[in-house]
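Colleague: Okay, here's the prediction I keep looking at, along with the sequence it came from:
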Amino acid sequence: EAGVTQFPSHSVIEKGQTVTLRCDPISGHDNLYWYRRVMGKEIKFLLHFVKESKQDESGMPNNRFLAERTGGTYSTLKVQPAELEDSGVYFCASSVYRGTEAFFGQGTRLTVV
Amino acid sequence: AQTVTQSQPEMSVQEAETVTLSCTYDTSESDYYLFWYKQPPSRQMILVIRQEAYKQQNATENRFSVNFQKAAKSFSLKISDSQLGDAAMYFCAYRSAPSNSGGSNYKLTFGKGTLLTVNP
């Protein structure tokens, strides 16, 4: 069974550009989560989807971040326009039910220069 | 709001020896879950061990065990007979139990992580 996969694994963009990160959860997992780790700091929650609906987006830093999960399958996280402080590793996780074990992807390392 | 603190940015251990990683947390809730996750270099983060706060018995998974001290809000991870494959970043994490907040809060709160090096 395929695990959670994230694309790309690395991305380097200039300040002001747009970047879209993608997450493919494990098949059948209705719950999808985005997290972010800024260098040297904690991994922080961004948002939680249940199928295509946003259950909790309290961790989204500002309106430059837009997450979507059309059709309740894969999810995208767009940053537009990117700022230097957006650099970090973005993790995606999925779970079958809310509260059950979340399986993580390998993360996307975003560097904004 | 809950917080998780890992006071050891880096730790090292000799192969076959035992190492303990520290984690403390702060919460006003009585029902919750605690986790240790492991992320090897450039690989996915995987769950190592999980502890339910209502259980007094410490969780164990093969060479991994925890020392859960609820009153002290401490949750340390002990790795016995360390192997080269144990080298990774280890994250301690907290999650509310469904009985709190109407069961709507499923996010994990993480510590900053401890980088474990295993020396041959």
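Modeller: All right, it came through fine.
Colleague: use CA for all of it now, contacts and neighbours both
Modeller: Fine.
Colleague: Give me the spatial nearest neighbour of the spatially most central residue of chain B, chain neighbours excluded.
Modeller: In chain B, the residue lying closest to the centroid (CA atoms, centre = their mean) is B:Trp36, at 2.8 Å. Counting by CA to CA, 6 or more residues apart in numbering or on different chains, B:Trp36 lies nearest to B:Cys92, which is 4.6 Å off, once chain neighbours are set aside.
Colleague: before we move on, what about A:His48?
Modeller: A:Tyr33 (4.5 Å).
Colleague: Quick check: which helices or strands does the host helix or strand of that neighbour pack against?
Modeller: Element membership for A:Tyr33, per DSSP states H and E: strand A:31-37. Strand A:31-37 makes packing contacts with strand A:43-50, strand A:88-95 when contacts are defined by 3 or more CA pairs under 8 Å, 6 or more residues apart in numbering or on different chains; DSSP states H and E.
Colleague: Pretty sure the residue nearest to B:Trp36 sits against B:Tyr33.
Modeller: No: if you go by CA atoms under 8 Å, B:Cys92 and B:Tyr33 don't touch, sitting 10.9 Å apart.
Colleague: before we move on, back to that, looks like the residue nearest to A:His48 contacts A:Leu46 (just checking).
Modeller: Yes: contact criterion CA under 8 Å: A:Tyr33 and A:Leu46 qualify, at 7.5 Å.
Colleague: Tell me which of the two has more neighbours.
Modeller: Neighbours per residue, other CA atoms under 10 Å in any protein chain shown: of A:Tyr33 and A:Leu46, the larger number sits with A:Tyr33, 28 against 21.
Colleague: now the more buried one, which residues is it bridged with?
Modeller: A:His48, A:Ala93 (DSSP bridges).
Colleague: And the one 10 residues further on, by the same measure?
Modeller: Beta-bridge partners recorded for A:Ile43 (DSSP bridges): A:Arg37.
Colleague: next one: B:Tyr94
Modeller: Beta-bridge partners for B:Tyr94, by DSSP bridges, are B:Leu34, B:Thr109.
Colleague: show me what contacts it?
Modeller: B:Gln2, B:Val4, B:Tyr25, B:Tyr32, B:Tyr33, B:Leu34, B:Phe35, B:Leu108, B:Thr109, B:Phe110 (CA atoms under 8 Å, 6 or more residues apart in numbering or on different chains).
Colleague: Now list the buried members of those.
Modeller: Taking 16 or more other CA atoms under 10 Å in any protein chain shown as the criterion, what is buried in those is B:Val4, B:Tyr25, B:Tyr32, B:Tyr33, B:Leu34, B:Phe35, B:Leu108, B:Thr109, B:Phe110.
Colleague: Excluding sequence neighbours, find me the nearest residue to the second one.
Modeller: Using CA to CA, 6+ apart and skipping residues adjacent in sequence, the residue nearest B:Tyr25 is B:Val4, 4.3 Å away.
Colleague: And A:Pro61, by the same measure?
Modeller: Closest to A:Pro61 by CA to CA, 6+ apart is A:Leu46, at 7.6 Å.
Colleague: contacting residues for the residue at minimal distance from the centre of chain A?
Modeller: Taking CA atoms, centre = their mean, the centroid of chain A lies closest to A:Trp34, which sits 3.6 Å from it. A:Trp34 makes contact with A:Phe45, A:Leu46, A:Leu47, A:His48, A:Tyr90, A:Phe91, A:Cys92, A:Ala93 under the criterion CA under 8 Å, 6+ apart.
Colleague: One more pass at 6 Å, please.
Modeller: Listed by CA atoms under 6 Å, 6 or more residues apart in numbering or on different chains, the contact partners of A:Trp34 are A:Leu46, A:Leu47, A:Phe91, A:Cys92.
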